[in-house]
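> got a predicted structure plus its sequence, pasted below:
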Amino acid sequence: MNLKAESNQKTKNNTMKNIIIIGNSAAGVAAAESIRTQDSKSKIVMVSDEPYFAYCRCLISNYLSGSIEEKKLTYRDEKFYSDNRIELLLDKKVERVDVKKKKIVLAEKQELLYDSLIIATGAHASMPKDLKGTNKRGAFGFRTIKDTNDILELLPMSHTSCVLGGGLIGLKAAYGLKKRGQDVKVVVRSGRILSQVADDKAAGLLLSRFQENGIEVLLNTGVSEIIGNGDVKAIKLENGKVIGTSIVVVGKGVTSNTKLVRDSDVKIDWGISVDEYMRTNIDNIYAAGDVAQGYDLTTNSSQVNALWPVAVEQGKIAGANVCGASLKSKGSFGMNSVEFFGLPLISMGVFEGDYETLVYYNKEKQVYRKLVIDKGRIIGTLLLGDIANSGLYFHLIKEKADISKIQDDLLDTNLSYARISDFVRQDEKIYI
C-alpha cells in the first residue's frame, strides 16, 4: 500500500499529540512508521509485554528447527526506535485501558495518558480450559521467542515430543521438533489436519508427507490430561492410552488479546471491532493486527484474520489516520503460506463450500491446484506443490475482479501477463 499515493497529506496542524501504541510487532511497528511519515513531532510511546525488540513471529518455527538463529528474528533494532524518537517500554504489561480518562494502566500501576491510542496487542496461544496439566513444566504454547527457548532448553532431556492440534501452529512445531531429532507424535481431535487452511485433498497429501518423514499423526484422538508431578512425564489420551513425553506443545490456535479493554466500552467480539479506517467505537482509539476484527472481503463478514501482511497493512492505516489522514482498508482475507518437507502450500480465502471450483491434480508430481469461484470472481485458492501465479490470484481476490473471460486459463501455470492485463491495475507489480 502506498501511503503517499492514497493519503498525500500530513498532519494538518502542528499540535503535539501524545500517541500510545500497545504492541511491538507487525501492526504496532507499521503504525509507528506510518505516524512518522505523517508527523515528525508528536510523542510516540510503544508498550510491549515482551522483552525483545520487534521480531518476526512467523519465523519462530524456523528458529525451532535450527534453520535460523534467534538474532535473525529481529527486524527492528534499537536504532529504529531511537531514530524515530519512539519511547519503547519493554516487558511492561498493560492491565487496562481507561477510555473515559484517556489513559492506560500498567501492571505496576503506572499510568500513561494518551490523546490517541492504537491497540496492537496481537494474540496469545490458546490453552483448552478442559485439558488438565497445561501449567506443568514442559507444556508450552508456540507463539513467542520465549516459548521457543523454553522448548529448546528441554530438548537435550527429551526423546519424544507430543504436539496437540493439527493446525498450522501445531504442524509447524511438529516439523521443527522433527528437524531437531525428536520422535514426534501429533494428536488431532478431528478427522484431518489443517482444517482451517486446506480442503480434504490438500490435507490428505500433506498428512502423507508428514507420515513419510517419520511423524506419527493420531487423528480422531483427544487428550484428557498432561501427566506429571511438576514436570511433564506423559499425556493420557481419551481412549486411555498413555504416551511418555517430556515436551508437549499445545497448538490449538490463538486468541486475540482483548482483556485490557473488556471492562471498558470498547466493542469486542472475537477481537476488537474496527471499521475500514481501523477505528473502534471509541473516539481516538484504533486497533490493528491480530487483535482487530474487521471486514473479510471473501466471506462478507467480520473476522479476525491473524496474518502478518494483514497486520502490517492495518497498522499503516491506523497510524496514518491517527495523524488526520482518511485511509481505508478494502478488507482482508485468510491467507497462509508454508512449506513442509519440500511441499509448499499457499491457501487464500474460501476453499470449501457450495461454489464453482477449478481443479488440477497431478498425483505423480504431488501437485494440487484449486480455485473457488462465486458469481464470476475468485474467492479462494489452494496451491499445493506448485504455487505459480499466487500473486495474481491474491490480486484478483482482493480486487474482486470479474474473471469470467479468463476463467478457463486461470490454472495454466504459463499464463501470460498479456492475457490478463485488462484485469490488473498497471501501477501494481503482479507476480505471475
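Now that the structure is in, tell me what you want to look at. Model, not experiment: these values are computed from the prediction.
> give the buried residues for the lengthiest helix in the chain.
In the chain, taking DSSP state H as the definition, the longest helix is helix 308-322. Residues of helix 308-322 classed as buried under the neighbour-count rule (16 or more other C-beta atoms under 10 Å) are 308, 310-322. Heads up, the C-betas are built off the backbone N, CA and C, glycines and all.
> ok, stretch 35-51 next?
Under the neighbour-count criterion of 16+ other C-beta under 10 Å, stretch 35-51 has 35-39, 42, 44-50 buried.
> please export the C-alpha coordinates of that stretch as PDB.
Presented in PDB, the C-alpha positions along stretch 35-51 are these (Å, rounded to 0.1, in the frame of the first residue of the first chain):
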ATOM      1  CA  ILE A  35       2.900   8.000  12.000                       C
ATOM      2  CA  ARG A  36       6.400   9.200  11.400                       C
ATOM      3  CA  THR A  37       5.800   9.600   7.700                       C
ATOM      4  CA  GLN A  38       2.900  11.900   8.600                       C
ATOM      5  CA  ASP A  39       4.000  13.500  11.800                       C
ATOM      6  CA  SER A  40       7.600  14.100  13.000                       C
ATOM      7  CA  LYS A  41       6.700  16.000  16.200                       C
ATOM      8  CA  SER A  42       4.200  14.100  18.200                       C
ATOM      9  CA  LYS A  43       5.300  11.800  21.000                       C
ATOM     10  CA  ILE A  44       5.100   8.100  20.400                       C
ATOM     11  CA  VAL A  45       5.200   5.700  23.400                       C
ATOM     12  CA  MET A  46       5.200   2.000  22.500                       C
ATOM     13  CA  VAL A  47       4.400  -0.600  25.200                       C
ATOM     14  CA  SER A  48       5.200  -4.300  24.800                       C
ATOM     15  CA  ASP A  49       4.700  -7.100  27.300                       C
ATOM     16  CA  GLU A  50       7.800  -8.900  25.800                       C
ATOM     17  CA  PRO A  51      11.400  -8.000  26.500                       C
END
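> quick check: mean pLDDT of it?
If you average the pLDDT over stretch 35-51, you get 97.
> any idea how far the closest residue to Met278 other than its chain neighbours lies from Val312?
Spatially, and ignoring its direct neighbours in sequence, Met278 is nearest to Ala318 (4.0 Å; C-beta to C-beta, 6 or more residues apart in numbering). Note on Ala318: its distance to Val312, by C-beta to C-beta, to the nearest Å, is 11 Å.
> find the residues that touch each one of those two.
When contacts are counted by C-beta atoms under 8 Å, 6 or more residues apart in numbering, the set common to Ala318 and Val312 consists of Ala27.
> and whatever helix or strand Leu382 lives in, which strands flank it?
Of the helices and strands defined by DSSP states H and E, Leu382 is found in strand 377-384. Sheet partners assigned to strand 377-384 using DSSP bridges are listed as strand 343-349 (antiparallel), strand 367-374 (antiparallel).
> tell me which helix or strand comes right after the shortest one.
Think strand 343-349. Secondary structure here is assigned by DSSP H and E; on that basis, the next helix or strand after strand 343-349 toward the C-terminus is strand 356-362.
> contacts for that next one, please.
Counting contacts by C-beta under 8 Å, 6+ apart, the residues outside strand 356-362 that touch it are 201, 367-374, 385, 407, 410-411.
> dump those into TSV; add distance to Asn18 as well.
Compiled in TSV, the contacts of strand 356-362 are given as follows (distance: C-beta to C-beta, whole Å):
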residue	distance to Asn18
Lys201	53
Val367	54
Tyr368	52
Arg369	51
Lys370	49
Leu371	48
Val372	46
Ile373	49
Asp374	46
Gly385	51
Gln407	53
Leu410	50
Leu411	53
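> top of those residues by neighbour count?
Greatest neighbour count in the contacts of strand 356-362, by other C-beta atoms under 10 Å, goes to Leu371: 27 neighbours.
> quick one: that residue and Leu392 touch, right?
No: proximity of Leu371 to Leu392 does not meet the contact threshold set by C-beta atoms under 8 Å, at 10.9 Å.
> from what I see, Ala54 and Ala27 are in contact.
No: using C-beta under 8 Å, Ala54 and Ala27 do not qualify as a contacting pair, with a distance of 10.6 Å.
> so which of these two has more stuff around it?
Each of Ala54 and Ala27 had its neighbours counted (other C-beta under 10 Å), and the higher figure belongs to Ala27 (34 against 24).
> helix or strand for that one, which one?
helix 26-38.
> residues making contact with whatever helix or strand comes next after that helix?
Sequence-wise, the next helix or strand beyond helix 26-38 is strand 43-47, with elements assigned using DSSP H and E. Strand 43-47 is contacted by residues 16-24, 28, 32, 35-36, 81, 84-89, 92, 94, 104, 106, 112, 114 when judged by C-beta under 8 Å, 6+ apart.
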